[in-house]
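A.B. asks: Quick one: sequence and predicted model below, then my questions.
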Number of protein chains: 2
Amino acid sequence: MNSDYGAFTLDPVGRVESTIKDRTDAPKQGDEGAPDAWIVFEPEFREAAMDLEPGDRLVVLTWLDRADRTVQRNHSRGDSSRPLMGVFGNRSPDRPNPIGLHTVTVSEVDGLRVLVSDLEAFDGTPVLDVKAELPPIGER
Amino acid sequence: MNSDYGAFTLDPVGRVESTIKDRTDAPKQGDEGAPDAWIVFEPEFREAAMDLEPGDRLVVLTWLDRADRTVQRNHSRGDSSRPLMGVFGNRSPDRPNPIGLHTVTVSEVDGLRVLVSDLEAFDGTPVLDVKAELPPIGER
């Protein structure tokens, strides 16, 4: 076990560098027009990041540090014509543990800097984890 | 901003109840034979969970509390015939911030208890977040 029962502490493994500065610039999801963005890994995680290559499909987990962690119900996509609903049933960034999920494709690797498409995160957003997208069962 | 620059603290929103007790019981991924399991939400997050319904497709984020956070490179799927690779390019549970991703389908809801298929997490695993699976662009 690496944590006590109550709470867990996460250090970011990197940061997002993006031209998206706030919510007015950001699409609702990465495949709705996000610009290319860099993931910049911390040097201490060089070994974990060293096999990434252009063309890789990845899932990036971010810490949405500008989210409101007190929100439990809201309107999906900020659209007040939709009914109020619990955030565990929608994709709101506002939620108790605001972890963002982003499926991206690597286009360039430059040491600790990895350029990806479809990452709708603000400039400076902490990156918590990066994983391979899960391939179909026969190709794992 | 809801955190300092350095590290973030997460409290679980619930726990997994499963017949999977350790790695010898667990499939590598949920769609490779995981048993049905319950997500049991903490009462303080009742409002966030209250609109979940049978048939919902969800992404469950867990805290893999038995993972080794010091691992940066290993063999995918624990298969030593595969090359060593950085964990940001595979799906190893061992990684610096061991957050598990599970795509599940709700089959039953009983107050704060939600029964789901395809959740390959150990009994007692903390749940960090639950989100709707992202539908195709035209259906969001």
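C.D. replies: Perfect, I can see it now.
A.B. asks: Look at residue A:92 and say how many residues are nearby.
C.D. replies: 25 (other C-beta atoms under 10 Å in any protein chain shown). Heads up, the C-betas are built off the backbone N, CA and C, glycines and all.
A.B. asks: mind listing the strands for chain A?
C.D. replies: Ranges of strands within chain A are A:8-10, A:14-17, A:37-41, A:57-63, A:73-75, A:84-86, A:99-110, A:113-117, A:126-132, based on DSSP state E.
A.B. asks: Is there contact, residue-wise, from the fifth one to chain B?
C.D. replies: Just to be clear, that refers to strand A:73-75. Yes - judged by C-beta under 8 Å from any C-beta of the partner chain, strand A:73-75 comes into contact with chain B at residue A:73.
A.B. asks: Give me the sheet partners of that strand and which way each runs.
C.D. replies: Sheet pairing for strand A:73-75, assigned by DSSP bridges, gives strand A:84-86 (antiparallel).
A.B. asks: ok so, going back, can you redo the strands of chain A as TSV with mean neighbour count and distance to residue B:116?
C.D. replies: What follows is the strands of chain A, written out as TSV (neighbours: other C-beta atoms under 10 Å in any protein chain shown; distance: least, C-beta to C-beta, whole Å):
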stretch	mean neighbour count	distance to residue B:116
strand A:8-10	20	22
strand A:14-17	21	31
strand A:37-41	23	31
strand A:57-63	21	19
strand A:73-75	17	21
strand A:84-86	17	16
strand A:99-110	18	17
strand A:113-117	20	30
strand A:126-132	24	20
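A.B. asks: Make a markdown table from these and add mean pLDDT and distance to residue B:12 to it.
C.D. replies: Below are the strands of chain A laid out as a markdown table (pLDDT from 0 to 100; distance: least, C-beta to C-beta, whole Å):
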| stretch | mean pLDDT | distance to residue B:12 |
| --- | --- | --- |
| strand A:8-10 | 92 | 8 |
| strand A:14-17 | 97 | 24 |
| strand A:37-41 | 98 | 27 |
| strand A:57-63 | 97 | 16 |
| strand A:73-75 | 93 | 20 |
| strand A:84-86 | 95 | 17 |
| strand A:99-110 | 96 | 12 |
| strand A:113-117 | 97 | 29 |
| strand A:126-132 | 97 | 15 |
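A.B. asks: Since that was my last question, I'll sign off now.
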